[in-house]
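Student: Build me a structure from this.
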Amino acid sequence: MKQNLSAKQYRNSRQRERILEVLRSTECHPTATWLYDKLKPEFPKLSLGTVYRNLAILIDQGLAQKIDAGSTFDRFEAKTKPHYHLICRKCGKIVDFEAYLFPEIDEQIQRSTDFDIAGHRIDFFGTCPECKEKS
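Tutor: Sure, this is the predicted structure:
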C-alpha cells in the first residue's frame with residue numbers, strides 16, 4: 001500500500017505517537033479496544049473514542065492500516081509495505097505472509113481497466129495450526 005501524503009495537517013500528539021509505537025511493536029493485529037487497554041495505564045484520561053480518532057489519523061497519514069477480517073471488530077496494523085494476511089475463520093487470528101507474490105498486479109489491472117490503482121489487498125482464509133490441532 002502506498003503511503004498517503006495527506007494534505008491535511010495534524011497536531012503532534014503523544015497519544016498518537018504511542019499508539020503507533022504499540023502498533024509497530026506487536027504482531028497481533030490489535031483491535032482499538034486492545035490498544036485502549038494497553039495504553040490506559042499510561043494515559044488515565046484516554047478514551048476509546050480518542051484511540052479511534054488517532055487510528056483514523058494514522059490511516060490517513062499512511063502510517064497504519066485497518067484490516068477488515070470479517071469479524072465484529074476492526075483490526076489494525078502499522079505494517080504498510082505490501083504483504084498478505086492469513087485469517088483463521090475459527091479464532092480470528094491474523095498472521096502476516098511476507099512474500100509479495102503479485103508485484104505486477106496493480107499495473108496489469110490499471111492497464112486493462114480505467115481505474116487508477118492505488119494498491120490491493122489479498123487475504124487468505126482458513127484454519128490456523130492451533131485450531132486444526134483442537135479439532
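
Student: does Tyr10 really touch Leu63, like I thought?
Tutor: No: the pair Tyr10 and Leu63 does not pass the contact test of Cβ atoms under 8 Å, sitting 10.8 Å apart. Backbone N, C-alpha and C define where each C-beta goes, glycine included.

Student: and these two? which has more neighbours close in?
Tutor: Using other Cβ atoms under 10 Å, the more surrounded residue of Tyr10 and Leu63 is Leu63, with 18 against 12.

Student: confidence score at the more buried one?
Tutor: pLDDT for Leu63: 95.

Student: repeat for the one 5 residues further on
Tutor: Here, the pLDDT recorded for Asp68 equals 81.

Student: and what of Lys8?
Tutor: For Lys8, the pLDDT comes out at 79.

Student: For the residue lying closest to it once chain neighbours are set aside, give its distance to Ile109.
Tutor: Using Cβ to Cβ, 6 or more residues apart in numbering and skipping the chain neighbours, the partner closest in space to Lys8 is Asp60 (6.7 Å). Look at Asp60 and Ile109: by Cβ to Cβ, to the nearest Å, they are 24 Å apart.
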